[in-house]
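Student: Structure here, sequence nowhere to be found:
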């Protein structure tokens, strides 16, 4: 899917891309996301990260992260849609 700079999401992505370091990006997200929204992003990030590591079952991930098995399953199903090169980008070094 393609986005333009004027559609809201495309503009948001452009501004994200312009942030030069983690500290700037953190301040930027404080403007756009509530604390609970940032916590939800962190949970999703941790779920995806654990799924990509691949050493735990979905139930173990859910228990360890304190999230529902449905959230972990949703992440696993989404990852199935993406090729390896995209999954590699998502991995933490």
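Tutor: Now that the structure is in, tell me what you want to look at. Computed from a predicted model, the values in this text were never measured in an experiment.

Student: Can you check the pLDDT for residue 2?
Tutor: pLDDT recorded at residue 2 is 59.

Student: scratch that, residue 6 is what I was asking about
Tutor: 65.

Student: hmm, who's touching stretch 48-55?
Tutor: 56, 58, 61, 64-65, 72, 75-76, 79, 87, 90-92 (C-beta atoms under 8 Å, 6 or more residues apart in numbering). C-betas here are computed from N, CA, C, even on glycine.

Student: Let me have those residues in TSV, adding neighbour count as columns.
Tutor: Compiled in TSV, the contacts of stretch 48-55 are given as follows (neighbours: other C-beta atoms under 10 Å):
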residue	neighbour count
56	15
58	17
61	23
64	11
65	17
72	23
75	23
76	15
79	15
87	13
90	13
91	10
92	8
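
Student: Go through the residues you listed and name the one nearest residue 18.
Tutor: residue 90 (21.4 Å; C-beta to C-beta).

Student: In contact with the closest one, which residues?
Tutor: 48-49, 52.

Student: so how far is residue 50 from it?
Tutor: To residue 50, residue 90 is 12 Å away according to C-beta to C-beta, to the nearest Å.

Student: do residue 56 as well
Tutor: Applying C-beta to C-beta to residue 56 and residue 50 gives a distance of 6 Å.

Student: ok, now residue 57?
Tutor: 10 Å.

Student: what about those two, which has more around it?
Tutor: Each of residue 57 and residue 50 has its neighbours counted (other C-beta atoms under 10 Å); residue 50 has more, 20 against 10.

Student: coming back round to it: okay, and the common contacts of residue 56 and residue 50?
Tutor: residue 64.

Student: State the next helix or strand along the chain beyond the longest helix along the chain.
Tutor: Longest helix in the chain by number of residues (criterion: DSSP state H): helix 35-53. Per DSSP states H and E, the first helix or strand lying C-terminal to helix 35-53 is helix 58-65.

Student: Report the angle between that next one and helix 35-53.
Tutor: Comparing the axes of helix 58-65 and helix 35-53 via axes from the mean of the first three to the mean of the last three C-alpha atoms, to 10 degrees yields an angle of 140 degrees.
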